[in-house]
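Visitor: Requesting a structural model of the entry that follows:
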Amino acid sequence: MSSNRRTVSDIKTALRAKVRSKPRVTGSEFLEMFILEKNKARLEQEKIHVEKRHDQIDKDISVIEGELENLGERVSQDGERVIKRIDNKKQKYKKNIKKMTIDY
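Guide: Numbering: from 1, shown residues only. Reported below is the predicted structural model:
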């Protein structure tokens, strides 16, 4: 699989490919300018949203890292006690298995 992933934004549209079904008519430059300005404004707005989302993701990651550090400290402190409890439980539940012979 290639490392470049294809997304919806990779699709060539008539505007991106600069293809029109009709030849350009004189005076359509204003329409082209309007369309390009609208697309520019939309992309700038999308860029702002992506940056905000990126900042939020960074904050979430830092919170998770803090929680991991706290849990890591607790585990290192309580780790020995937990291991001893598990070993004790294993010893309690070890029972002798009764074997029965079957004659054919």
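Visitor: Can you report how many residues neighbour G66?
Guide: Using other CB atoms under 10 Å, G66 has 10 neighbouring residues. Any C-beta I mention is one placed from the backbone N, CA and C, and that applies to glycine too.
Visitor: so where does F34 fall, helix or strand?
Guide: helix 29-93 (DSSP states H and E).
Visitor: same for that helix, what does it pack against?
Guide: In terms of contacts (3 or more CB pairs under 8 Å, 6 or more residues apart in numbering; DSSP states H and E), helix 29-93 is not packed against any helix or strand.
Visitor: State the distance from R42 to M33.
Guide: According to CB to CB, to the nearest Å, R42 stands 15 Å off from M33.
Visitor: mind checking pLDDT for E29?
Guide: pLDDT recorded at E29 is 84.
Visitor: just D60 next, same as before
Guide: Model confidence at D60 (pLDDT) stands at 92.
Visitor: count of neighbours near it?
Guide: D60: 10 neighbours (other CB under 10 Å).
Visitor: Repeat that for the one 4 residues further on.
Guide: Per other CB under 10 Å, the neighbour tally for I64 reads 10.
Visitor: for E32, same thing?
Guide: Neighbour tally, E32, other CB under 10 Å: 13.
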